[in-house]
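Student: predicted model, plus sequence, below.
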Amino acid sequence: MAVIDVELAGREYEVRVGPGLLYDIAGEASAFIRKGYVCIVADENARKSWGETVARSLQNAGVEPRWFDVPSGEASKSWESLAKLTDWLLEQGVERGDHVVALGGGVVGDLTGFACAILKRGCGFVQVPTTLLAQVDSSVGGKTAINTAAGKNLIGAFHQPSLVLADLDTLSTLPSRELRAGYAEVLKYGVLGDRDFFEWLEDRAYAVLALQRQSLEEAVAQSVAAKARIVAEDERETTGARALLNLGHTFGHALEAETGFSDRLLHGEAVALGMVLAARYSVRRGLMGADEAERITRAVDAAGLPAEISALGITCNGAELTAHMLHDKKMDAGMLPFILLRGIGQAFLDREVHLGDVAAFLDEQLQAH
């Protein structure tokens, strides 16, 4: 098992990465269970696969699991779901000193974390991510949110978990498409700041996606460590360092919006294509060579992820896609900073990007390939 410390000002928490953690969740999370029961917010699919394992561990330790099931999918990150969850937690008598367990992917983690951020002005929670994307990204760093009609993750709070248990065994129950979508975020860490890790992934992508234990644990642990370093430097995204984690997201969120935040395009798939577009736009701006962008494109394609807009089957133009970007949380004084690249492993924040030029670039991408 790998243990990564997320060190923040005045506090820290652990991310534990390894197999078999859910079989002893009562022991792994014992410091955060102070009553004879614990409230668990679970993705319905995660509960079907792992609910019995979790319940058995808790019951053997004399702890009653109390379940709140959440339908799978982005639609659950809503005002309605938030209201139902907070009302239920209050009914269960959750106090500020208690910890709620979030079992599932990023949707459950975001929803539960936000509910815990506002419940009685803040109670604790433990992240138990069961998807690759959640293990390497959304479960670490304290960003919690719900979606609205205006866009994704626009209502939320920074609220750090007290513990993250990333059980690699849970990935064996994921559909291959979701596994590949999560891998996009793993690849992102190499592209944005670690060329050596990117090159390692070029050689090990198959092993990671085949869930070969050593390669998988290394990939998840390296990703978490990379995010932990950035979060420690810029917890609330005020200095620009944490913004680098948004590589691929500005383009990706626009594509998600155009496809209705639906299963037509999973978040990780959008990030993968967004990274390709960010790389190609960096070439357009004269920031890096076309060979570097092509290398990123090949790495995305080799993982079975979309590397061309044409794969989405959308009918729109560049201006319509950039219009979605106007709702981006990173908008500041009417300007939208972009994460661009000077090369693989050399991401930076560019505040001088004009959306008109982005629209023209996207028109070219829509017409090509």
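Tutor: Perfect, thanks for sending it.

Student: wasn't residue 69 part of a strand?
Tutor: Yes: judged by DSSP: H, G, I helix; E, B strand; the rest coil, residue 69 forms part of a strand.

Student: could I get the phi/psi values of the residue nearest to it when sequence neighbours are not counted?
Tutor: In space, and not counting its chain neighbours, residue 69 is closest to residue 44: 5.1 Å by C-beta to C-beta, 6 or more residues apart in numbering. Where you see a C-beta, it was placed from the backbone N, CA and C, and this is true even at glycine. Per-residue torsions, residue 44: phi -60, psi -40 (degrees, to the nearest 10).

Student: now do residue 357
Tutor: phi -70, psi -40.

Student: so what pLDDT did residue 237 get?
Tutor: pLDDT for residue 237: 86.

Student: that one: what secondary structure?
Tutor: Look at residue 237: counting by three-state DSSP, its state is coil.

Student: wait, it touches residue 231, no?
Tutor: No: the pair residue 237 / residue 231 is not scored as a contact, 9.4 Å apart, by C-beta atoms under 8 Å.

Student: between the two, who's got more neighbours?
Tutor: Legend: neighbour count by other C-beta atoms under 10 Å for residue 237 and residue 231, higher for residue 231 (22 against 19).

Student: skipping adjacent residues, who's closest to that one in space?
Tutor: residue 141 (4.4 Å).

Student: any low-confidence regions in the stretch 1-150 of the chain?
Tutor: Within the stretch 1-150 of the chain, not a single segment meets pLDDT under 70.

Student: mind listing the strands for it?
Tutor: 2-8, 11-18, 37-43, 64-70, 99-104, 124-129, 143-148 (DSSP state E, counting those that start in this stretch).

Student: among the ones you listed, which comes closest to residue 175?
Tutor: strand 37-43 (13.2 Å; C-beta to C-beta).

Student: which of the residues in that closest one are buried?
Tutor: Of all the residues in strand 37-43, those buried under the rule 16 or more other C-beta atoms under 10 Å are 38-43.

Student: nearest to residue 363 among the residues you listed?
Tutor: Comparing the buried residues of strand 37-43 against residue 363 with C-beta to C-beta places residue 43 closest, at 38.2 Å.

Student: helices of the stretch 151-300 of the chain, start to end?
Tutor: 176-193, 195-209, 213-233, 249-258, 267-284, 290-302 (DSSP state H, counting those that start in this stretch).

Student: indicate which one of these is closest to residue 25.
Tutor: Judging the helices of the stretch 151-300 of the chain by C-beta to C-beta, what sits closest to residue 25 is helix 213-233, at 18.0 Å.
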